[in-house]
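A.B. asks: Using only what follows, build the 3D model:
(2 chains)
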Amino acid sequence: MADRLIKERRLENDAWKVVPLNAGDDPAAVRLPVGPLLVPVAVWQARKACLIACEYEHGWPLGVWLDPSDDPAAIAADIDDFTVIGVHFPKFTDGRGYSIARLLRERYGYKGELRAFGDVGRDQLFLLNRVGFDSFLIGPGRNAEDALAAFDDFPEVYQAGADLPIPLFRRRAA
Amino acid sequence: MYRYDTIDHAIVRARVAQFKDQTRRYLANELTDDEFRPLRLQNGLYIQRHGPMLRIAVPYGLLSARQLRTLADVTRRYDQGVGHFTTRQNLQLNWVKLPQVPDILADLAGAEMHAIQTSGNCIRNITTDHFAGVAADEIADPRPWAELLRQWSTLHPEFAYLPRKFKVAVSGSREDRAAIQVHDLGLQVLRNGAGEIGFAVYAGGGLGRTPLLGRKLVDFLPWQHLLTYCEALVRVYNRYGRRDNAYKARIKILVKAIGSEEFARQVEEEWAHLKDGPSTLTKTEVDRVAAQFTAPDYENLASEDLCHVAHQREDKAYARWVERNVHAHRIPGYAAVTLSLKKPGAAPGDATSAQMEAAAELAERFSFGEIRVSHEQNLILADVPKSELYTVWHRAKAAGLASPTAGLLADLIACPGGDFCSLANAKSLPIAAAIHERFADLDYLHDIGELELNISGCMNSCGHHHLGAIGILGVDKNGEEWYQITLGGAQGNNASIGQVIGRSFAAADVADVVEKLIETYLARRHADETFSDTVRRIGLEPFRASVYANVTRERKIANG
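C.D. replies: Got it, this is the predicted structure:
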């Protein structure tokens, strides 16, 4: 069973391929498959010209993905170039991706698709959605249809987030 | 106290429904153990030696009598009728059954209670001074700020999967009774020259394997910035705290590794982006919350009650209880009372359902219907008229809540230890029982005077042993239970971490060792000097000599 994509609260087909970067791989030399790609930050930095040329030539939109240890500031200057930014969750208990998402949305003003992938399931969706993710690659063996219900887990929230810039206490007072 | 509005109710009910569904999927094998573990921990549910343990949140230690009755009821119906109050002011039930936990949570939600974030790698229950609002040395009531932080941290979207747990304490008085320097984040409420409220911010304190005192990051953070600054601080921790080793994942390790100045600089840099943003607190919101912590309708009473004075003269047992368990109050004619959860034969902090109900009734009749949990694992009636103290004492005695030992050695603090907790290396309760038995003589206890003795069953330090004048830590040596002793710890404004005295002791020797340490203290102390002050003045050596000399001599005798 393959990964299933949830995008804007619906199951969608996924055209994107994630380009991995294993330890020891040369970012300037990894093979780039055809089609829209999510490339590691290091590959984006090494192959920017080539990837942009592919976009012009084939119409493949640009994408990049970040590991939890990546600094979103590294792609801040190019942020408007990307159609999709992915954030990888090697384990769902690694919460760095939540801060990365808020920085991308709230600090660097990213407006495109923000995708969580890796160890991502329904019990993370509500909070992931709150920090700015709008697409989710649900791993094999997990029930993506069930996961759709998670967006409505809570009717209200206390804090401001990427989804809702005004905290409850200001809305309570209004 | 803070009362839920419809939104608070809706959020807590939604959490109950969410957890009910998570439990259903786990029991139906749709979630693996590894997937379910962090989810249940975020709702206070551990799997322990005897089954699940549920830790119920008591935000900043404050309960209404009605809530305490609900806890009594839940403890009776779903557990074996005994609950355990913890050093973080929460209540633990050790015998719950997993399929019933959603029902327990639903019952709690009906009384404006929950188990949200009482465990897991997230922002935990926020603790404060159990004399908040009544202490004579109070600068400002810390509870509204603790409640504002509770709401901010509850289901915070960014901070559900931190490197490790994150504990916050707030103190509003001159004497710190909330141990803010041994918390991941400690906040001291202050007033500046203009009378405006702000906070001194400490970070990176904690006990456990690497005990460290928090470092001050900010001298005075104006109240408007409380949430944005905390958000910046926790974000820096979330991004840069270690995740490769659970023992090195607390914020204290990050602060120590990069230095508190550098850590403060990184927080400031992050905060610069959040400062004055929408999460900046408003006066409207602070007023809304603070209005729910106003003083009760105190009567105009004489500062001293003649009957109370006469009873103390005539009844030595009462006088002893008053001396230890009755505390000064800022309003004339009122006092705060410690209802002791310490007595020989019972685990420190344990309360039966009947005792909880008795305490709830005392609160309703004599203390404006509110009760607090102290981090010393006792219950507190904060607002008792002095004229009622004698009645309160009699009723507390009948309920087994009147051990006249608050602050004395017999008021010792202990975690549940190896009898219940699956993390423990050693038992703590039999050690507590042996010490209680050894120091059963009240005259002797009162002669010794104030002395904190803390027992932890493992390095997680739930019994805060590092802060005890005498600290006892259970350690595992080749599968056997041994006990390491530290001396000279202290909480409060002059918080200090106890020093290890030497090699550890067998369980059977611990009470003897404590007795010898006490004898040394009594022989060497100057007038009114605390145990830890004596340790500081004369060093560990005289204490060491008293305990190890004997052990060696006994061995020689045993060897012939």
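
A.B. asks: Go ahead and list the helix or strand containing the closest residue to A:A173 other than its chain neighbours.
C.D. replies: Nearest residue to A:A173, sequence neighbours excluded (CB to CB, 6 or more residues apart in numbering or on different chains): B:T284, at 4.7 Å. All C-beta atoms are positioned from the backbone trio N, CA, C, and that covers glycine. Using DSSP states H and E, B:T284 maps to helix B:283-290.

A.B. asks: Tell me the buried residues in that helix?
C.D. replies: In terms of neighbour count (16 or more other CB atoms under 10 Å in any protein chain shown), helix B:283-290 has its buried residues at B:E285, B:V286, B:R288, B:V289, B:A290.

A.B. asks: Report the contact partners of the fourth one.
C.D. replies: To tie it back to what came earlier, the one meant is B:V289. By CB atoms under 8 Å, 6 or more residues apart in numbering or on different chains, the residues touching B:V289 are B:Y2, B:P144, B:E147, B:L148.

A.B. asks: again, 6 Å this time
C.D. replies: Shown in contact with B:V289 (CB atoms under 6 Å, 6 or more residues apart in numbering or on different chains): B:P144, B:E147, B:L148.

A.B. asks: From A:E113, how far off is the nearest residue to A:L32 once chain neighbours are set aside?
C.D. replies: Spatial nearest neighbour of A:L32, excluding adjacent residues (CB to CB, 6+ apart): A:V19 at 6.5 Å. Going from A:V19 to A:E113 by CB to CB, to the nearest Å gives 17 Å.

A.B. asks: which of these two has more neighbours?
C.D. replies: Taking other CB atoms under 10 Å in any protein chain shown, A:V19 and A:E113 do not tie; A:V19 has more neighbours (21 against 18).

A.B. asks: what's the pLDDT at that one?
C.D. replies: With respect to pLDDT, A:V19 has a value of 96.

A.B. asks: about what we covered before: sort out for me which of the contacts of B:V289 are in helices.
C.D. replies: Residues of the contacts of B:V289 located in helices (DSSP state H): B:P144, B:E147, B:L148.

A.B. asks: Just to be sure, B:Q355 is in a helix?
C.D. replies: Yes. With DSSP: H, G, I helix; E, B strand; the rest coil as the criterion, B:Q355 is part of a helix.

A.B. asks: close enough to count as contact, it and B:A402?
C.D. replies: No. Checked against CB atoms under 6 Å, the pair B:Q355 and B:A402 is beyond contact range at 11.0 Å.

A.B. asks: With respect to chain A, which of the contacts of B:V289 is nearest?
C.D. replies: Proximity of the contacts of B:V289 to chain A (CB to the nearest CB) peaks at B:L148, which lies at 8.1 Å.

A.B. asks: Once you drop chain neighbours, what's closest to the closest one?
C.D. replies: B:V289 (5.8 Å).

A.B. asks: Can you name the residue of chain A nearest to chain B?
C.D. replies: For chain A, CB to the nearest CB, closest residue to chain B: A:G95, 2.9 Å.

A.B. asks: How about that residue: what's its closest non-neighbour residue?
C.D. replies: B:Y161 (2.9 Å).

A.B. asks: how near is the one you found to B:R503?
C.D. replies: Taken as CB to CB, the span from B:Y161 to B:R503 is 40 Å.

A.B. asks: In terms of neighbours, single out the busier of these two.
C.D. replies: B:Y161 (23 against 11).

A.B. asks: That one and A:T93 touch, don't they?
C.D. replies: Yes. Using CB under 6 Å, B:Y161 makes contact with A:T93 at a distance of 5.1 Å.

A.B. asks: bridging residues for B:I371?
C.D. replies: Beta bridges link B:I371 to B:L63, judged by DSSP bridges.

A.B. asks: Tell me how many other residues crowd it.
C.D. replies: 26.

A.B. asks: Distance-wise, check it relative to chain A.
C.D. replies: B:I371 sits 26 Å away from chain A when distances are taken as CB to the nearest CB, to the nearest Å.

A.B. asks: and that residue, what is it in contact with?
C.D. replies: B:L63, B:L68, B:A359, B:A363, B:L379 are the contacts of B:I371 under CB under 6 Å, 6+ apart.

A.B. asks: can you check B:Q499 too?
C.D. replies: Here B:Q499 is in contact with B:T486, B:G488 (CB under 6 Å, 6+ apart).
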